[in-house]
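Colleague: here is a sequence together with a model predicted from it:
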Amino acid sequence: MVAVETELNADETLPSPRRIKKAGGKGSIPGFVVAILIAGVLLVPVLIFLVQAFFPGLFSSSQPLFSLSGFKYAITGGSLRGIIDSLFVSILAGFIATALGLAVSWILRRTDIKGKRIWSGAIWFLLLVPTYLTTEGWQRLLEPSGVLSKANINAAPIYHIFFGPVGVIFVLGMSGIPFAYLAISATLANLGGELEDAARVHSGSRIDSFKIVIPVIMPALMSAFAIVFAESMSDFGVAYTLAANAHFPIATYTLFSAIDSVPLNFQQAAAIGWLLVASAMVPIVLQRRVTKSKSYAVVGGRRRAAKIMNITGRTRVIMYAFMIVLMVLAVMVPLLGMVSASFIKGLGTNFGATSLTLSNYRRVFSLTLGGSPLRFSGYLSVLTATATIIFGAYLARILAKRDTGFFGQALDLLLIGSVALPGIVLGAGYIFSYNQPFLSNIGINLYGTSKLLFLGYLASSLPATSRILIGPLAQIQSNMAYAARVHGSKAIPAWFQTVFPILSKALLSAWSLTFAKTLLELPLSQLLYPPGSIPLSVAINKLTAGYDYGGGTAMSVLALGVALLVIGVVNGAYRIFAPEGWKKMGGMFNNEGN
């Protein structure tokens, strides 16, 4: 049997016929083609849209070629207030989510609290629920003639506090907890117990140990804040629902209003887009500068596993109470609001008798299956999730190599910037770019079709998915696939025989997350859905906008149920049918909740 641990350089021993020499490093023809395709669906439409802020007449003879009037609009009046409001709520939401994510990470990674799988499951569920559904749950619960009002509970004091900046900050902060948790918990899991042991040796308390660890994990804390800040700045769900109803302007809704008006004002929208992208990129750039200014490397070959804290007495009560209250506020209350509202007839009105009924579900179930919002969104979600893991894995493979070449570095920079790209900006770029007459003249007719919506979904999901897969792919030695090639396998079968089993669980998790996010995606769906085919998120908001609160919440519950059902079936099928070796190797990259 040939030893895999050979010192031979696989790239030199088995040169692929598709590898070529380029200035600045090595690359591949497929990598170059993929980079061009990614730039075409992600970079070019956005740049064409954003350039309208400076050159409104570039594609229109009725506008001056060069003008900065769009920025004058963006930094005055309601648009300026929208930017300021977005910065204000995003900063506070970032601090709240980072602090709570740190507390949750510490409890689940450093203590012996029971039910870790349940707590981790609740965090993942919160990650799947879009902010507009969370907002809908709170609205149906607290509003006048809402669920609590029908139960003769006076929720007016909370209602007046929640419907405004406080509610926006609260929803964004709670929705940011999963991002902060994922960024921080992985760092805590890899951090050994040497620092904490040193503090205890010198008679330090548990709080002293905590104070020592915090500076060491500062890159993870900054990463968590940057991610939550960028997500909050680019969020459209809260801006379109809670903030709009409370007359609290948010930048993403201001941009949407500019391209939803008659006539469309792409110059003003592009100027707001520049401010959104710049604002979202600021914490990411600061994080990179700070982390490069000093070393945080403390994990070495002699790392000792951190000691799990045995919590007892008052500490145990406090930690359980914290986790329960947090999950109730973040998950259970809005979910209760949606579910209970979906069974109430005449919700939101003071006319007629209110009663429990299944009529909302019967009506919406028939509408959803017959009118096909569920079928349409489900089809595009499956297609998007499958295409995303295929292209995402290939991109991650390119980026995980030590010598990526010029195109790999450019691709890495593009994907990093795209993480902070608001979906509303991407959607606006697609509207403007793919509605140009010259595209029709060359036979490209994507505007107003489901194909364009699919491309938008794919472009929005690729950056995050590819970066998630970089870690697992970077840990796999390239000579594994080459060892299979030595024994006569072709390139693609060799990859599926050696690498795919190890990545199978990570790819399944990425597929599940992408499917759920796409099924309930709002900004791109609102801007790009074709006539006659309504996505689930748009259908939900249309019902709510028409004051059919019972129907809107019933469709929301149905959509969440379908998302969880599909994820459960897919993961259940993996557990049943996947070989035992796949599950053991795949678990290397998916040890959450253990």
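Modeller: Yes, it's here. Computed from a predicted structure; not experimentally measured.

Colleague: could you pull out the strands for the stretch 301-450 of the chain?
Modeller: All strands of the stretch 301-450 of the chain, identified by DSSP state E, counting those that start in this stretch, fall at 344-345, 355-356.

Colleague: likewise for the chain?
Modeller: Applying DSSP state E to the chain gives strands spanning 19-22, 25-28, 344-345, 355-356.

Colleague: pick the most deeply packed of the strands of the stretch 301-450 of the chain.
Modeller: Highest mean neighbour count among these (mean count of other CB atoms under 10 Å): strand 344-345, with a mean of 18. From N, CA and C alone the C-beta is placed, and that goes for glycine too.

Colleague: how does this protein divide into domains?
Modeller: Per automatic domain parsing, the domain ranges recorded for the chain read 72-297, 356-399+425-589.

Colleague: and Val538, which of the strands of the stretch 301-450 of the chain is closest to it?
Modeller: Val538 sits nearest to strand 344-345 of all the strands of the stretch 301-450 of the chain, at 23.4 Å, using CB to CB.

Colleague: run the chain-centre distance for the closest one.
Modeller: Taking CA atoms, centre = their mean, to the nearest Å, the mean C-alpha location of strand 344-345 is offset from the chain mean by 33 Å.

Colleague: just checking: what are the partner strands of it?
Modeller: strand 355-356 (antiparallel) (DSSP bridges).

Colleague: pLDDT of the partner strand, averaged?
Modeller: Averaged over strand 355-356, pLDDT sits at 72.

Colleague: stretch 184-201 now?
Modeller: Stretch 184-201 comes out at a mean pLDDT of 63.

Colleague: ok, stretch 434-454 next?
Modeller: The average pLDDT within stretch 434-454 is 89.

Colleague: and the end-to-end length of that stretch?
Modeller: For stretch 434-454, the separation between the terminal residues is 13 Å (CA to CA, to the nearest Å).

Colleague: if I pick Val557, what's in contact with it?
Modeller: By CB atoms under 8 Å, 6 or more residues apart in numbering, the contact list for Val557 reads Met338, Val339, Ser342.

Colleague: identify, from those, the entry nearest to Lys517.
Modeller: Among these, and counting by CB to CB, the member closest to Lys517 is Met338, at 18.2 Å.

Colleague: so how far is Arg140 from the closest one?
Modeller: Going from Met338 to Arg140 by CB to CB, to the nearest Å gives 7 Å.

Colleague: returning to that earlier point: possible to save the domains of the chain as TSV with distance to Leu414?
Modeller: Listed next are the domains of the chain as TSV, based on distance: least, CB to CB, whole Å:
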stretch	distance to Leu414
domain 72-297	13
domain 356-399+425-589	8
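
Colleague: can you say which of the ones you listed is nearest to Val51?
Modeller: Closest of the domains of the chain to Val51 is domain 72-297, at 7.3 Å (criterion: CB to CB).

Colleague: compare the domains of the chain and report which one is nearest to Leu329.
Modeller: Nearest of these (CB to CB): domain 72-297, 6.8 Å.

Colleague: okay, buried residues for stretch 559-577 please.
Modeller: Ala559, Leu560, Val562, Ala563, Val566, Ile567, Tyr574 (16 or more other CB atoms under 10 Å).

Colleague: cool, stretch 364-384 as well?
Modeller: 364, 367-368, 372-374, 376-378, 380-384.

Colleague: also stretch 265-285?
Modeller: Across stretch 265-285, burial judged by 16+ other CB under 10 Å covers 265-277, 279-281, 283-284.

Colleague: same question, stretch 148-167
Modeller: Leu148, Ser149, Lys150, Ala155, Tyr159, Phe162, Phe163, Val166, Gly167.

Colleague: from memory the fourth one sits against Ser145, does it?
Modeller: No: shown here, Ala155 and Ser145 do not form a contact pair, counting by CB atoms under 8 Å, at 10.7 Å.

Colleague: any low-confidence regions in the stretch 51-200 of the chain?
Modeller: Counting by pLDDT under 70, the stretch 51-200 of the chain has low-confidence residues at 189-200.

Colleague: show me where it has helices.
Modeller: Taking DSSP state H, counting those that start in this stretch, the helices of the stretch 51-200 of the chain run over residues 69-74, 77-110, 116-128, 131-142, 147-150, 156-162, 165-175, 177-190, 194-201.

Colleague: in a markdown table, list the ones you listed along with distance to Leu446.
Modeller: Rendered in a markdown table, the data for the helices of the stretch 51-200 of the chain read as follows (distance: least, CB to CB, whole Å):
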| stretch | distance to Leu446 |
| --- | --- |
| helix 69-74 | 26 |
| helix 77-110 | 30 |
| helix 116-128 | 29 |
| helix 131-142 | 26 |
| helix 147-150 | 43 |
| helix 156-162 | 41 |
| helix 165-175 | 32 |
| helix 177-190 | 32 |
| helix 194-201 | 55 |
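
Colleague: tell me the most buried of the ones you listed?
Modeller: For the helices of the stretch 51-200 of the chain, the largest average neighbour count (mean count of other CB under 10 Å) is found in helix 131-142, namely a mean of 26.

Colleague: from the chain's centre, how far out does it sit?
Modeller: How far helix 131-142 lies from its chain's middle: 19 Å, per CA atoms, centre = their mean.

Colleague: now Leu255, nearest residue through space, not along the chain?
Modeller: Closest residue to Leu255 apart from its sequence neighbours, by CB to CB, 6 or more residues apart in numbering: Ile272 at 4.4 Å.

Colleague: any chance of the buried residues of stretch 148-167 in CSV, plus distance to Gly70?
Modeller: Below are the buried residues of stretch 148-167 laid out as CSV (distance: CB to CB, whole Å):
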residue, distance to Gly70
Leu148, 44
Ser149, 44
Lys150, 47
Ala155, 42
Tyr159, 37
Phe162, 34
Phe163, 31
Val166, 32
Gly167, 31
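
Colleague: which pair of these spans the longest distance?
Modeller: Within these, Lys150 and Val166 form the most distant pair, 23.9 Å apart (CB to CB).

Colleague: picking up where we left off before, list just the nearest of the buried residues of stretch 148-167 to Glu580.
Modeller: Once CB to CB is applied, the member of the buried residues of stretch 148-167 that ends up nearest Glu580 is Gly167, at 48.3 Å.

Colleague: list the contacts for the closest residue to Ile444 other than its chain neighbours?
Modeller: Counting by CB to CB, 6+ apart, Ile444 lies nearest to Tyr434, which is 7.6 Å off, once chain neighbours are set aside. By CB under 8 Å, 6+ apart, the residues touching Tyr434 are Pro45, Ile444, Leu446, Tyr447, Leu452.

Colleague: if we use 7 Å, what do you get?
Modeller: Tyr434 is in contact with Leu446, Tyr447, Leu452, counting by CB atoms under 7 Å, 6 or more residues apart in numbering.

Colleague: give the burial count for the second one, as a bare number.
Modeller: This means Tyr447. Neighbour count of Tyr447, defined by other CB atoms under 10 Å: 18.

Colleague: among the contacts of Tyr434, which are located in helices?
Modeller: If you go by DSSP state H, those have Leu452 in helices.

Colleague: sorry, back to before: closest one of the contacts of Val557 to Ser79?
Modeller: Ser79 has its nearest neighbour among the contacts of Val557 in Met338, at 32.6 Å by CB to CB.

Colleague: which ones are touching that closest one?
Modeller: By CB under 7 Å, 6+ apart, the neighbours of Met338 are Leu133, Glu136, Gly137, Arg140, Thr553, Ser556, Val557.

Colleague: same check, this time on Leu326
Modeller: With contacts defined as CB under 7 Å, 6+ apart, the neighbours of Leu326 are Leu100.

Colleague: read off the pLDDT value for it.
Modeller: On pLDDT, Leu326 comes in at 96.

Colleague: of the domains of the chain, which is nearest Val325?
Modeller: Going by CB to CB, the one of those nearest Val325 is domain 72-297, 10.9 Å.

Colleague: quick check: the gap between Arg140 and Lys150.
Modeller: Per CB to CB, Arg140 is found 10 Å from Lys150.

Colleague: equivalent analysis for Lys401, please.
Modeller: Taking CB to CB, one finds Lys401 at 60 Å from Lys150.

Colleague: and Ala559, by the same measure?
Modeller: 24 Å.
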